[in-house]
Structures are given as structure tokens and as C-alpha cells.
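Novice: what follows is a predicted protein model with its sequence.
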Amino acid sequence: MFYTTARLALTLPVMMIEGELNPFKALRRSWQLTGVSPSNVFGFWMIMAVAWFVALIIQALIAMVVDGALGSGSTAALIQGLIGGVFAMAWGALYSAMGVSMHGLLRERDPGGIASEFD
């Protein structure tokens, strides 16, 4: 399952950047792009998952501080919702940027591309 996830990780960037609207062709293209070193591609996404988990812990700590300072009223709920939204937007932007960056490096397949970075 993890191997397949790593190989298909670039499906959305393929659809967006290359304009491939056929999802099956996009899946095939992602499989082709990540064929360089799927275990390293998977490792990269695992590092991103750990970073997401750390950010989630930081968000929870901030929410606890806000809850302790303001109580459990509607103001505290509003602030916690805003904090959660900011974290979600930041993570979404980072996740998208990493997928697009990895797509660009894999697409080039030159000596300075991602193949040399992961080997």
C-alpha cells in the first residue's frame, strides 16, 4: 500500500501542471515519474507527515493556551477556529508546493534533478 501511495503521489500535480484531464493517464504518468526511486519518494512524504504531526501538536498547544486564558466561551472558540484555519491554509500551501516542486524535479530527469538528490 505504501509503495503504491508513493508511486501515485504526483497524480494531482500531473493533472494541474501538465493539463492531463484523463485521471487514468495522470495515474500512469505519476507512476512513470516516481519510478526513479519510489522508496525515497515515500520517505519524503513520511517526513512531511511527521512535520504535519508536529504542527498539529503546536496548534493544540496554542489552543490550550487560548482556552486557559479566555475560558470556553464563544470568543475562545472563534480564536481557536481562526488558529486552526491558519494552520490548515499553511499546511495546504506547503503540501501543494512540495508536490509541484517534486513534479518539476522528476519531470526534468536531468543529472541535477530529483534522481540525483535522492540517490
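Specialist: Yep, that arrived. What you are looking at is a predicted structure, and each value in this text was computed from that prediction instead of being measured. Numbering: from 1, shown residues only.
Novice: can you count the residues close to residue 20?
Specialist: Number of residues near residue 20 (other C-beta atoms under 10 Å) recorded here: 17. For every residue, glycine as well, the C-beta is placed using N, CA and C.
Novice: and the spatially closest residue to it that is not a sequence neighbour, how far from residue 10?
Specialist: Among residues not flanking residue 20 along the chain, residue 26 sits closest, at 4.6 Å (C-beta to C-beta, 6 or more residues apart in numbering). Distance, residue 26 to residue 10, using C-beta to C-beta, to the nearest Å: 9 Å.
Novice: more neighbours: which of the two?
Specialist: Counted by other C-beta under 10 Å, residue 26 and residue 10 do not tie: residue 10 has more neighbours, with 26 against 21.
Novice: give the buried residues for the one helix or strand residue 101 maps to.
Specialist: Assigned by DSSP states H and E, residue 101 belongs to helix 74-108. Neighbour counts over helix 74-108 (16 or more other C-beta atoms under 10 Å) mark 76, 79-80, 83, 87, 91, 98-99, 102-103, 105-107 as buried.
Novice: what sits closest to the most centrally placed residue in the chain if chain neighbours are left out?
Specialist: Compute the mean C-alpha point of the chain, and by C-alpha atoms, centre = their mean the closest residue is residue 95, 2.8 Å away. In space, and not counting its chain neighbours, residue 95 is closest to residue 48: 7.0 Å by C-beta to C-beta, 6+ apart.
Novice: that neighbour against residue 96, yeah?
Specialist: No: look at residue 48 against residue 96 with C-beta atoms under 8 Å: they stay out of range, at 11.5 Å.
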